[in-house]
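Visitor: Have a look; sequence and predicted model below, questions after that.
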Amino acid sequence: MTEKVRPRIIPTPKQREAIRAIKGGKRYILTGGAISTAKSYGLAQIFISMAMQFPRTRYGIFRKNLTVLKRTTYQTFRKAAYEYGLVEGQHYKVNRSEMYWEFNNGTQIFFLELDETKDPDFNKVKGLELTAAGIDEMNEVVKDGWLIVGSRVGRENRNGEPQFVLGTCNPADNWVKDTFYTPWIKGILPSDFAFIPSLPKDNPHNSQDYLNALDRMPPQFKKRYVEGNWDYVDDSNALFPNHVIDRMLVENVPKSGLKSIGVDVSREGTDKTVFSLFIGDTLTDLFVPDIDRSDTAPISDLIADELILYMKTNEVGYQQVWIDAVGNGGGVVDSMRRRGYFVNSFKSGEKTTDLHEDGTSMYDMLRSERYYKMAQAGQQGTLKIWKHIPFLEELRRDLLAHTYEVTDKQFIVESKSKMKKRLGRSPDFSDAVVMGWREPVPEGAYEISTGGSWDDLYKDSDEDF
């Protein structure tokens, strides 16, 4: 009986690019940017090929969720193994309880979960000794997971086998974009990194009928998943879709209007302190003060110094300044008030005063209420952004990243801590904006003094304080 001849595997041009990157010594490689580009299949091809070529090596294949990995990535590996002519039980053994393959030459491929919600410190990964690793749909995992995986490769490379982390992805407005796509676009991607963009048309196995069907998809889906446009990552539960942000942009700064300032104070690491400035309903400035952390003065006093200067420069009274009073921001509020600037404190976790008829809260906390109302203002045209403000793209990315859910009649915006884990950064720019933005007030309802201190506010009063 003649054995069935399986088709010879011929890598696509994009898969060849990934192979060249590996052979060229790149340590961190990302492929993808759209659907139906054979990126997962290319991942399987590369690791099965290496497993057969290099005896006694060890590889880790990761995806965020193990159940999804078994249903998708694992099945792709089975298909690739079959097309390589490999037979389970003859060329490799499968340990289903531990989820790994062992080849006759002693090489192992482990299939592993990379979910920070189940293993916050990634302790299951820290003990691995790997030659190289692959992360399928890397945009789904947090940056710390990728970093931990990267620290485990190159530890089973007795004969100088390539050591690398190869990821696949769809466009996402998170740390993957910041780490690979944006530096690649700007031409500043580190020398040991590689980004390989690919589109459905780059996959020769996609029929013209299939490509035509993709071309008829809705515009937002097409932008993201077909054209691989990283700037169109609108989720169905996004608070600020791209088209809404585009409508919010205006050419001119208002000549008059009530001014207000929002201050998001950095907490740690790469967080930024950001000031936002509104004139009426328009965001007109985003400012990141240059704080010298080597100064002997307390950081809260240094930020207060910068804020007072910013207030005076823009002629904004302390009554119209809101500061994030959680964490380090509390110290800035105290420093301002010691100097007579009785600014407003913003505590995102406070309870909302907006209630349903039955007395239950409409939002889980103040932060959700403020973001929801600001999103509604953007939709209705009562919130505008001057299109020439500094850090516009950073603000757009922050706004795009905010998602919401509705449970038990409560509107819940994703928490800042969860966002920071998912994005690999804190949404400092949008947080400064949400604190500085004020809901529209009927004209002439009341007048606010622009005095800079308590004495200024009451200097014409007969009251004895």
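Guide: Noted; the coordinates are in hand. Numbers count the residues shown, from 1 in each chain.
Visitor: Tell me where the model's unsure across the stretch 1-150 of the chain.
Guide: Counting by pLDDT under 70, the stretch 1-150 of the chain contains low-confidence ranges at 1-9.
Visitor: which residues of it fall in helices?
Guide: Ranges of helices in the stretch 1-150 of the chain, per DSSP state H, counting those that start in this stretch, are 13-23, 39-53, 66-71, 73-83, 123-126, 143-152.
Visitor: tell me which strands and helices the shortest one is in contact with?
Guide: Okay, so that is helix 123-126. If contacts are counted by 3 or more CB pairs under 8 Å, 6 or more residues apart in numbering; DSSP states H and E, helix 123-126 sits against strand 108-113, helix 143-152. Bear in mind the C-beta positions are built from the backbone N, C-alpha and C, glycine included.
Visitor: Redo the ones you listed as JSON lines? Include distance to G424 and mean neighbour count.
Guide: Shown next, in JSON lines, are the helices and strands packed on helix 123-126 (distance: least, CB to CB, whole Å; neighbours: other CB atoms under 10 Å):
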{"stretch": "strand 108-113", "distance to G424": "19", "mean neighbour count": "20"}
{"stretch": "helix 143-152", "distance to G424": "4", "mean neighbour count": "19"}
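Visitor: Identify the residues contacting the residue most central in space within the chain.
Guide: Nearest to the mean C-alpha position of the chain, by CA atoms, centre = their mean, lies N174 at 2.1 Å. By CB atoms under 8 Å, 6 or more residues apart in numbering, the contact set of N174 is 139, 401, 422-424.
Visitor: go on, I109?
Guide: Contacts of I109 by CB under 8 Å, 6+ apart are 47-48, 51, 58-61, 77, 100-101, 103.
Visitor: do the same with K420
Guide: The contact partners of K420, taken as CB under 8 Å, 6+ apart, are 426-427.
Visitor: Renumber starting at 7 from here on
Guide: From this message on, residue numbering opens at 7, which makes the last subject K426.
Visitor: Could you confirm it falls within a strand?
Guide: No. Read with DSSP: H, G, I helix; E, B strand; the rest coil, K426 is helix and lies in no strand.
Visitor: where does the residue nearest to G442 when sequence neighbours are not counted land in three-state SS?
Guide: Leaving aside its chain neighbours, G442 sits nearest to G268 (2.6 Å; criterion: CB to CB, 6 or more residues apart in numbering). What three-state DSSP gives for G268 is strand.
Visitor: burial measure for G268, as a count.
Guide: Neighbour count of G268, defined by other CB atoms under 10 Å: 27.
Visitor: go on, G160?
Guide: Residues near G160, counting by other CB under 10 Å, number 18.
Visitor: residue contacts, it?
Guide: So G160 contacts 136-137, 169 (CB under 8 Å, 6+ apart).
Visitor: buried stuff in stretch 25-33?
Guide: Going by neighbour count (16 or more other CB atoms under 10 Å), the buried part of stretch 25-33 is 25, 27-28, 32-33.
Visitor: Can you lay out the contacts of N180 as TSV showing distance to F201 and neighbour count?
Guide: Listed next are the contacts of N180 as TSV, based on distance: CB to CB, whole Å; neighbours: other CB atoms under 10 Å:
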residue	distance to F201	neighbour count
N145	13	21
A407	20	22
R428	20	21
L429	18	21
G430	16	19
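Visitor: Most widely separated two among the residues you listed?
Guide: N145 and A407 (12.3 Å; CB to CB).
Visitor: and E143, what does it touch?
Guide: Applying CB under 8 Å, 6+ apart to E143 gives the contacts 69-70, 174-176.
Visitor: if you set the cut-off to 10 Å instead, what comes out?
Guide: 38, 45-46, 68-71, 74-75, 78-79, 173-176, 178, 182 (CB atoms under 10 Å, 6 or more residues apart in numbering).
Visitor: cool, F284 as well?
Guide: F284 makes contact with 260, 263-268, 290-291, 322, 326, 389-391, 439, 442-444 under the criterion CB under 10 Å, 6+ apart.
Visitor: out of those residues, which are inside strands?
Guide: 265-268, 290-291, 390-391 (DSSP state E).
Visitor: Max pairwise distance over those residues: which two?
Guide: For the ones in strands among the contacts of F284, the farthest-apart pair by CB to CB is I267 and K390; their separation is 16.8 Å.
Visitor: if we can go back for a sec, now the residue nearest to the centre of the chain: phi and psi?
Guide: Phi and psi for N180, reported as degrees, to the nearest 10, are phi -150, psi -160.
Visitor: Ranking by neighbours, what's the top pick from the contacts of G160?
Guide: Result: T137 is most packed of the contacts of G160 (other CB under 10 Å), 27 neighbours.
Visitor: Hmm, that one is touching V171, no?
Guide: No. Using CB atoms under 10 Å, T137 is not in contact with V171, being 11.2 Å away.
Visitor: what sits in contact with each of the two?
Guide: 66, 158-160.
Visitor: With respect to V332, which of those is nearest?
Guide: Closest to V332 out of those is R158 (35.3 Å), distances taken as CB to CB.
Visitor: Now do the contacts for that closest one.
Guide: Counting by CB under 10 Å, 6+ apart, R158 has contacts 64, 66, 128, 131-139, 171.
Visitor: export those to a markdown table and tack on distance to Y378?
Guide: Formatted as a markdown table, the contacts of R158 follow (distance: CB to CB, whole Å):
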| residue | distance to Y378 |
| --- | --- |
| R64 | 48 |
| G66 | 41 |
| F128 | 34 |
| V131 | 37 |
| K132 | 40 |
| G133 | 44 |
| L134 | 43 |
| E135 | 48 |
| L136 | 44 |
| T137 | 48 |
| A138 | 45 |
| A139 | 40 |
| V171 | 38 |
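Visitor: of these, buried ones?
Guide: Among the contacts of R158, those scoring as buried are 64, 66, 128, 131, 134, 136-139, 171 (criterion: 16+ other CB under 10 Å).
Visitor: Which of these fall in strands?
Guide: Per DSSP E, the buried ones among the contacts of R158 map to strands at 64, 66, 138-139, 171.
Visitor: could you redo these as a markdown table and give each row distance to K20?
Guide: Shown next, in a markdown table, are those (distance: CB to CB, whole Å):
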| residue | distance to K20 |
| --- | --- |
| R64 | 26 |
| G66 | 23 |
| A138 | 19 |
| A139 | 20 |
| V171 | 18 |
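Visitor: Out of the residues you listed, flag the one nearest to K318.
Guide: Checking those against K318 with CB to CB, the nearest one is V171 at 49.7 Å.
Visitor: ok, the closest one - contacts?
Guide: Going by CB under 10 Å, 6+ apart, V171 touches 32-36, 66, 68, 136, 138-141, 144, 152-153, 155-160.
Visitor: Tally up the residues packed near L361, please.
Guide: Residues near L361, counting by other CB under 10 Å: 12.
Visitor: Identify the bridge partners of it.
Guide: Beta-bridge partners for L361, by DSSP bridges, are S367.
Visitor: thought it was touching E375?
Guide: No. With contact defined as CB under 10 Å, L361 does not count as touching E375 (11.1 Å).
Visitor: and for those two, which residues touch both?
Guide: Residues touching both L361 and E375 by CB under 10 Å, 6+ apart: 367-369.
Visitor: Could you chop this protein up by domain?
Guide: Domain ranges of the chain: 19-232, 248-442, per automatic domain parsing.
Visitor: if we can go back for a sec, mind checking which of I267 and K390 has more residues around it?
Guide: Neighbour count, other CB under 10 Å: between I267 and K390, I267 has more, with 26 against 22.
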